[in-house]
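Peer 1: take a look and give me a structure for this.
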Amino acid sequence: MAAGLTTDVLSAKGKAGAIDLVKDIGRPVSIRMVGKYFGFPGPSEDAMARWSRATQDDIFYNLTRDPKKHDAAIAAGKEMAAYLPKLFAKRRKAKNLPQSKDAVSRLLATHFVGTIGWDDQRMMSNVMGLLVGAVETNNAAIAQAVDEFLKRPDILAKAQAAAAANDDASFDALVWEVLRFHPINAFSTRVSVAPYTFGAGDKATTVPAGALVLLATRSAMRDPEVVADPETIKLDRPQWQYLHFGSGPHTCLGKYVGMMITPAAIKEVLKLPKLRRADGAAGQVDFKGGAFPESFTVNFG
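Peer 2: Alright, predicted model coming up:
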């Protein structure tokens, strides 16, 4: 599905030209996946993009507690809370609800025991999360992985060969490898609720209660004490060395969806003939001072 949505965009561009990986692929394809696969299409793609960006920015990146970012997220939440009950009501009236395969329809068609407390409010919160977690994450992964491939012509050639041969095992492994150098999140933030000691011996470090902790997953995936030849692209690394989706009880709920969407979209991009960066600043990933890629143009043909 993700590959098809990507090829639809690329086909419209013709045999030669340019694409902005953020504006043409990363955000639109991810938003359309939320509508088509999850069943949360939103009133418009523009609204979905705004809701996704505002909530993701405030929840995960607003470390300075910027009131403007927080207010934008609250406004997005209120708009979603007004939209989703109407969507639920419309779906419940559909005659084909039990046969529908999207996530929202399947949830609406499922009868949950009352003791788990699955009412429409709880369902609405979960459905909101489908958008919040799916768009900017995949957008960043797509733009940043292609950027890393273009930095490494030899690895790009290997990925393009794997894409042409439909060797998805090798292709996907290359995607997650290059993303070690620029993952979706360089670190995650947590606040310690009690004193805790990391490490042992001369590396023991105690963090006091109430401390802001930055969990540096980017450097962890390139730690030479744990990761063999961290600056080398390999296809046979053990999966536990990848922290793109977190680990243990905090593993990302969207891990297995993201593991499909991101490589599928990138694969279609890498099939483009004579793929290369656009000249000048346009050919670089531009965050425009924020947390997410906002533009990145490549040429082809």
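Peer 1: and after whichever strand or helix holds Ser30, which helix or strand comes next?
Peer 2: For Ser30, the host element (DSSP states H and E) is helix 27-33. For helix 27-33, the succeeding helix or strand toward the C-terminus, using DSSP H and E, is helix 45-61.
Peer 1: contacts for that next one?
Peer 2: 27-28, 31-32, 34-35, 41-42, 69-70, 72-73, 75-77, 79-80, 128, 131-137, 185, 290-292 (CB atoms under 8 Å, 6 or more residues apart in numbering). Any C-beta I mention is one placed from the backbone N, CA and C, and that applies to glycine too.
Peer 1: select only the buried ones of those in PyMOL?
Peer 2: Here is the PyMOL command that selects the buried residues among those (16 or more other CB atoms under 10 Å):
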select buried, resi 27+28+31+32+34+35+41+42+69+72+73+76+77+79+80+128+131+132+133+134+135+136+137+185+291+292
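Peer 1: let me see the contact set for the nearest residue to Leu174 once chain neighbours are set aside.
Peer 2: Leaving aside its chain neighbours, Leu174 sits nearest to Ala159 (4.7 Å; criterion: CB to CB, 6 or more residues apart in numbering). For Ala159, the contacting residues are 149, 171, 174-175, 270, by CB under 8 Å, 6+ apart.
Peer 1: from Asp168, how far out is Ala159?
Peer 2: 11 Å (CB to CB, to the nearest Å).
Peer 1: could you do Lys158 as well?
Peer 2: To Asp168, Lys158 is 14 Å away according to CB to CB.
Peer 1: so between these two, which is more surrounded?
Peer 2: For Lys158 and Asp168, the more surrounded residue by other CB atoms under 10 Å is Lys158, and the numbers stand at 18 against 14.
Peer 1: I'd say the more buried one and Leu174 touch.
Peer 2: Yes - using CB atoms under 8 Å, Lys158 makes contact with Leu174 at a distance of 6.4 Å.
Peer 1: I'd like the next helix or strand past the lengthiest helix in the chain.
Peer 2: Identified as the longest helix of the chain according to DSSP state H is helix 120-151. Beyond helix 120-151 in the direction of the C-terminus, DSSP H and E gives the next helix or strand as helix 153-164.
Peer 1: so what does the worst-scoring helix or strand of the chain on mean pLDDT touch, helix or strand wise?
Peer 2: Ranking every helix and strand in the chain by mean pLDDT, DSSP states H and E puts strand 188-191 at the bottom, with a mean of 89. Here strand 188-191 touches strand 212-215, going by 3 or more CB pairs under 8 Å, 6 or more residues apart in numbering; DSSP states H and E.
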